[in-house]
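Chemist: Everything below, folded, please.
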Amino acid sequence: MGGLINLNSFQSLMAGQQALTERVCDMEKQAEDYEPRIGDMETSLAESRQENKALRFKLLGLDGRSRRNNIKIISVPEEKGRPTEFVSHLIPKLLGAENFDKPVLTDRAHRTLQPKPVDGSRPCTIIVRVHLVQEKEKIIRFGRRCALDYGGQRILIVADYTVEVVEQRQGFREALKLLRQKNIQHSLRFLARLHVHHQGQVKAFGYPLNSNRNILNVNRMARYQRIIQRILL
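Modeler: Below you'll find the predicted structure:
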């Protein structure tokens, strides 16, 4: 009787072992089937990332170019209707009739989409599309030269850049400060590319951001600073 029980136990154990072996074989076969599929998915994901990166860069360029003629006028008190006409006459008042002897031709102007400010708070920024890009550049240039005042309020006029471009251009802030102190001719071009003119040569520096993440590349920025320092020596 004991031998029969042992035989049954052995047979049960063998059956369990056989079932386990079959399951392992099935899993190995499934793993073999999954490997090429996973490889294809990884390849497809890498390609999608590259395409997304290229599309993002293209979108950034298109968005930036759509704002090429735009300026922002900050801290101007609320006007009473017709913002486009208001801005056309405001710019000569701010920058001087000797620089703009007639109203500036503007395609459109509007306040940023924010709740109307309460009394005493900062007015919404005005976004303006200037008809001619040359006139837009002239406005920005004269706007940097002196403090602007309207009705006792300090006014700023800046270019209308995307958030990404603003962050990229801010990476050159210390370099630009140094170049201005040394009175070295330079320009910061769209998107964010610094051109330094010195001793008959032009050196160009791409924006100092990590190529994969939207953070400042400290090592690259430090290298730019060293190069600019050598230029100024």
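
Chemist: Give me the most central residue, this structure.
Modeler: Closest residue to the average C-alpha location of the chain: E164 at 1.1 Å, with C-alpha atoms, centre = their mean.

Chemist: Within the helices and strands, which one has I73?
Modeler: strand 70-74 (DSSP states H and E).

Chemist: same thing with R37?
Modeler: Going by DSSP H and E, R37 is part of helix 2-66.

Chemist: Please measure how far the first residue of stretch 141-161 sits from its last one.
Modeler: 16 Å (C-alpha to C-alpha, to the nearest Å).

Chemist: what residues does the strand holding I73 touch?
Modeler: The contact list for strand 70-74 (C-beta atoms under 8 Å, 6 or more residues apart in numbering) reads 87, 90, 125-130, 136, 139-140, 155-160. All C-beta spots, glycine's among them, are computed from the backbone N, C-alpha and C.

Chemist: now swap in stretch 91-109 and tell me
Modeler: Counting by C-beta under 8 Å, 6+ apart, 69, 83-84, 86-89, 126-132, 135, 138-139, 142-143, 148-150, 155, 157 sit against stretch 91-109.

Chemist: Among these, which ones are in strands?
Modeler: Among these, the members found in strands (DSSP state E) are I126, I127, V128, R129, V130, L148, D149, Y150, I155, I157.

Chemist: neighbours around the closest residue in space to the fourth one that isn't next to it in sequence, how many?
Modeler: Read that as R129. With sequence-adjacent residues excluded and distances taken as C-beta to C-beta, 6 or more residues apart in numbering, R129 is closest to D107, at 4.3 Å. When neighbours are counted by other C-beta atoms under 10 Å, D107 registers 12.

Chemist: Quick check: which element contains V202?
Modeler: strand 201-205.

Chemist: and that strand, how far from the chain's centre?
Modeler: Strand 201-205 has its C-alpha centroid displaced from the chain centroid by 23 Å (C-alpha atoms, centre = their mean, to the nearest Å).

Chemist: If you count neighbours, what's buried in it?
Modeler: Neighbour counts over strand 201-205 (16 or more other C-beta atoms under 10 Å) mark F205 as buried.

Chemist: mean confidence for that strand?
Modeler: The average pLDDT for strand 201-205 rounds to 79.

Chemist: Stretch 45-57 now?
Modeler: Averaging pLDDT residue by residue across stretch 45-57 gives 89.

Chemist: from the middle of its chain, how far away would that stretch be?
Modeler: Counting by C-alpha atoms, centre = their mean, stretch 45-57 comes out at 16 Å from the chain centroid.

Chemist: One more: stretch 188-206?
Modeler: With C-alpha atoms, centre = their mean, you get 20 Å for stretch 188-206.

Chemist: Please apply the same query to stretch 67-83.
Modeler: Counting by C-alpha atoms, centre = their mean, stretch 67-83 comes out at 23 Å from the chain centroid.

Chemist: Assumed G120 was part of a helix.
Modeler: No: using DSSP: H, G, I helix; E, B strand; the rest coil, the secondary structure at G120 is coil, not a helix.

Chemist: quick one on the thing from earlier: just flag the most distant two among the ones in strands among the contacts of stretch 91-109.
Modeler: Based on C-beta to C-beta, the longest span within the ones in strands among the contacts of stretch 91-109 runs between R129 and D149 and measures 24.3 Å.

Chemist: Brilliant, that's me finished.
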